[in-house]
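>>> sharing a model that was predicted from the sequence below.
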Amino acid sequence: MANIADGYSSGSERMSRRTFGQLLGATALGAVLPDLSTASVPMTSTDIHAGVAPEVAGDELCYLSAVELVSRMRRKQVSARDVMAAHLARIDRVNPKVNAIVTLVAERAMADAKRADEALIRGERLGPLHGLPVAHKDLVDTAGIRTTRGSPFYRDHVPTHDALIVTRIRRAGAITLGKTNTPEFGAGSQTFNTVFGATRNPYDVTKTCGGSSGGAAVALACGMVPIADGSDTGGSLRNPAAFCNVVGFRPSPGRVPSESSSCSPLSVSGPIARSVADVALFLSAMAGPDAGSPLSISEDGTRFAARLDANVKGARVACWRGLGSIPVESEVRRVVDATRGVFEKLGCIVVDDEPDFAGVEDAFPTLRHLSYHASYAGLARQRPEWVKDTIKWEITEAERTTGADVGRALARQASMYQQSRQFFERHDYFVLPVTQVAPFDVTVPYPTEIAGAPMSTYIDWMRSCWYVTFMANPAISVPAGFTANGLPVGLQIVGRHRDDWSVLRLAYAFEQATRYATRRPSV
């Protein structure tokens, strides 16, 4: 396939609408589903207690919560094979419309589901995610399963080992069924690449699903998986969750350890699911210390499997005041501002306040440029036509950066931490929009203006997320309502340093009070 870039000039991306639209023709599944009538092998009466039969089938099974699915499988009311077959059938019907799952391993998944059922029958100790189908973001290595990173460089790449996060998820009992689409190397909050094309929003397939964990969010919203993993630097777990009416959690740096050995708190891995309870369950399997990660948090992850019910009366909630006057679409502002009343009804003490983000608009991109240069400059020199213009821009900006620029960015990062700490001495939580815009045209690489204000770069429109990234605090995107056109809007809840549990509990209270997450897409 031809390179998506029309050319690179003046340090910014210039891609024509026509060229970008041609990507949509590249949409395709990475594998063909087998005949599910033979692939599915339900439990028989000899496998489960006599008289107990599966209670839910088909699409209903696909929209049960992860918590409920695990419970039913443990009680032998439904088998792991039934659950997997239902989700594979759902993928077969729905995925061609949205292009969320880009590599599928159906036969392997059914074989693993059979082994999960046999382990249950033998009375073996089961993991917290027993039998749950899961799809992994196409940035993380999966042994024996193609991992393209959305790049022609890795179009046919099949890793020989699992990433740490995949190892933990599988050890907890989840069953891999495939990989979810992502932008090239995860760059940008719009999911498209030259390998698989664009992923579409299930609430309106002419719109984007966001990114970079866009395939994951769409797969969840469409009932193709109950849980999915993702990663987040500038909003990649939160933005697609907001655009697709699901829940995306950016944990504290080090909560979910990585293999990168990086000391930077900017990039994290985390869970995405259809409810806060499912996110918490998934986090319980991902989280926990690891000696190979310098930022690793020593707390055991199992605490996140506890009950989330909490009396949040008296909690001090600070509502955003404009984030330094960054532009936000009126419909997004309307939906997010209306959530204030929800917190007040929950008994929270709500005030208007926010941290001082001055200088973050320069510091965050500076540090981001450096990471992209370290990772992709060599590839860009090798085959420039295989690298999209926004990544070339990141590399070029890094090469223009001086030592003094880096020093200022690091100093601002340090002061942001101290300012955040002081802010959370006054408040328990900070709430703000996840995104500054509603889902936009899927053929548009990124918004070039918001409410009349020009966006100078491909990440400029996502400041509401990466300002929070720079705080190094846990943050969650939870469904907050819909625009007049029926497009989802997310609310971002930020908590104290490493207080992930508290963030989950307030998000759960908000979710239970509003029930926006129960609305399904029409696709």
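Yes, it's here. Numbers count the residues shown, from 1 in each chain.
>>> how many other residues sit next to residue 358?
10 (other Cβ atoms under 10 Å). No exception for glycine: its C-beta is placed from N, CA and C like everyone else's.
>>> that one in helix, strand or coil?
coil (DSSP: H, G, I helix; E, B strand; the rest coil).
>>> my guess is it contacts residue 324. True?
Yes. Assessed by Cβ atoms under 8 Å, residue 358 is found in contact with residue 324 at 6.5 Å.
>>> quick one: buried residues of stretch 387-395?
Residues 387-395 are the ones in stretch 387-395 that count as buried (16 or more other Cβ atoms under 10 Å).
>>> same thing with stretch 515-522?
For stretch 515-522, the neighbour count (16+ other Cβ under 10 Å) marks 516-517, 521 as buried.
>>> residues in contact with that stretch?
The contact list for stretch 515-522 (Cβ atoms under 8 Å, 6 or more residues apart in numbering) reads 63, 201-203, 221-223, 244-247, 274-275, 478-482, 488, 511.
>>> repeat that with 10 Å
Residues from elsewhere that reach stretch 515-522, judged by Cβ atoms under 10 Å, 6 or more residues apart in numbering: 59, 63, 94, 98, 201-205, 218, 221-223, 244-247, 273-276, 278, 335, 339, 478-482, 486, 488-491, 510-511.
>>> thinking again about what came up before, which single one of the buried residues of stretch 387-395 is nearest to residue 466?
The shortest approach to residue 466 among the buried residues of stretch 387-395 belongs to residue 394, at 13.6 Å (Cβ to Cβ).
>>> is that closest one in a helix, a strand, or coil?
Assignment for residue 394 (three-state DSSP): helix.
>>> pLDDT weak spots in the stretch 51-200 of the chain?
Scanning the stretch 51-200 of the chain for pLDDT under 70 picks out 51-57.
>>> and the strands in it?
Secondary structure of the stretch 51-200 of the chain (DSSP state E, counting those that start in this stretch): strands at 101-104, 133-137, 175-180, 192-193, 197-198, 200-201.
>>> which of those strands sits closest to residue 253?
strand 133-137 (18.0 Å).
>>> follow-up on the earlier one: would you turn the buried residues of stretch 515-522 into TSV with secondary structure and distance to residue 73?
Listed next are the buried residues of stretch 515-522 as TSV, based on DSSP: H, G, I helix; E, B strand; the rest coil; distance: Cβ to Cβ, whole Å:
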residue	secondary structure	distance to residue 73
516	helix	28
517	helix	22
521	coil	26
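>>> would you turn these into JSON lines with pLDDT and distance to residue 419?
Listed next are the buried residues of stretch 515-522 as JSON lines, based on pLDDT from 0 to 100; distance: Cβ to Cβ, whole Å:
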{"residue": "516", "pLDDT": "98", "distance to residue 419": "31"}
{"residue": "517", "pLDDT": "96", "distance to residue 419": "32"}
{"residue": "521", "pLDDT": "97", "distance to residue 419": "39"}
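>>> need those residues in a markdown table with distance to residue 102, can you?
Putting the buried residues of stretch 515-522 into a markdown table (distance: Cβ to Cβ, whole Å) gives the following:
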| residue | distance to residue 102 |
| --- | --- |
| 516 | 28 |
| 517 | 25 |
| 521 | 19 |
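>>> out of these, who's nearest residue 227?
Using Cβ to Cβ, the buried residues of stretch 515-522 come closest to residue 227 at residue 517, 14.3 Å.
>>> distance of that closest one relative to residue 280?
14 Å (Cβ to Cβ, to the nearest Å).
>>> now for those two: what residues contact both?
Between them, residue 517 and residue 280 share the contacting residues 247, 273, judged by Cβ under 10 Å, 6+ apart.
>>> okay, helices next: where are they in the stretch 151-300 of the chain?
Taking DSSP state H, counting those that start in this stretch, the helices of the stretch 151-300 of the chain run over residues 164-171, 214-221, 238-244, 276-286.
>>> any low-confidence regions in this structure?
Looking at the chain by pLDDT under 70, you get 1-57.
>>> contacting residues for residue 219?
By Cβ under 10 Å, 6+ apart, the neighbours of residue 219 are 87, 90-91, 94-95, 98, 100-101, 133-135, 177-178, 180-181, 199, 202, 209, 213, 225-228, 244, 246, 272.
>>> go again using 6 Å as the cut-off
The contact partners of residue 219, taken as Cβ atoms under 6 Å, 6 or more residues apart in numbering, are 100-101, 135, 180, 225, 228.
>>> how about residue 231?
Per Cβ under 6 Å, 6+ apart, neighbours of residue 231: residue 269.
>>> you'd agree residue 109 is up against residue 178?
No. Contact criterion Cβ atoms under 6 Å: residue 109 and residue 178 do not qualify, at 7.7 Å.
>>> who has more neighbours out of these two?
residue 178 (31 against 24).
>>> please name the nearest non-neighbouring residue to that one.
residue 104 (4.2 Å; Cβ to Cβ, 6 or more residues apart in numbering).
>>> about what we covered before: are any of the contacts of stretch 515-522 buried, and which?
63, 94, 98, 201-205, 218, 221-223, 244-247, 273-276, 278, 335, 339, 478-482, 488-491, 510-511.
>>> now, the residues you listed that are in strands?
Within the buried ones among the contacts of stretch 515-522, residues falling in strands by DSSP state E are 201, 204-205, 247, 273, 478-482, 488-491.
>>> using PDB, write out every CA atom in stretch 501-516.
Output of stretch 501-516 as PDB, limited to C-alpha atoms (Å, rounded to 0.1, in the frame of the first residue of the first chain):
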ATOM      1  CA  TRP A 501      -8.600   3.100  44.300                       C
ATOM      2  CA  SER A 502     -10.300   6.300  45.300                       C
ATOM      3  CA  VAL A 503     -10.600   7.400  41.700                       C
ATOM      4  CA  LEU A 504     -12.300   4.100  40.800                       C
ATOM      5  CA  ARG A 505     -14.800   4.500  43.700                       C
ATOM      6  CA  LEU A 506     -15.900   8.000  42.700                       C
ATOM      7  CA  ALA A 507     -16.200   6.900  39.100                       C
ATOM      8  CA  TYR A 508     -18.300   4.000  40.200                       C
ATOM      9  CA  ALA A 509     -20.600   6.200  42.200                       C
ATOM     10  CA  PHE A 510     -21.000   8.600  39.200                       C
ATOM     11  CA  GLU A 511     -21.600   5.700  36.800                       C
ATOM     12  CA  GLN A 512     -24.300   4.200  39.100                       C
ATOM     13  CA  ALA A 513     -26.000   7.600  39.500                       C
ATOM     14  CA  THR A 514     -26.100   8.300  35.700                       C
ATOM     15  CA  ARG A 515     -26.200   4.900  33.900                       C
ATOM     16  CA  TYR A 516     -24.900   6.400  30.700                       C
END
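>>> gap between that stretch and the chain center?
Its chain's C-alpha centre and that of stretch 501-516 lie 18 Å apart, by Cα atoms, centre = their mean, to the nearest Å.
>>> name the residues of that stretch that come out as buried.
Using 16+ other Cβ under 10 Å as the test for burial, stretch 501-516 gives 501-511, 514, 516.
>>> what segments of the stretch 351-500 of the chain are helices?
Going by DSSP H, counting those that start in this stretch, the stretch 351-500 of the chain shows helices at 360-382, 389-400, 403-426, 463-469, 500-514.
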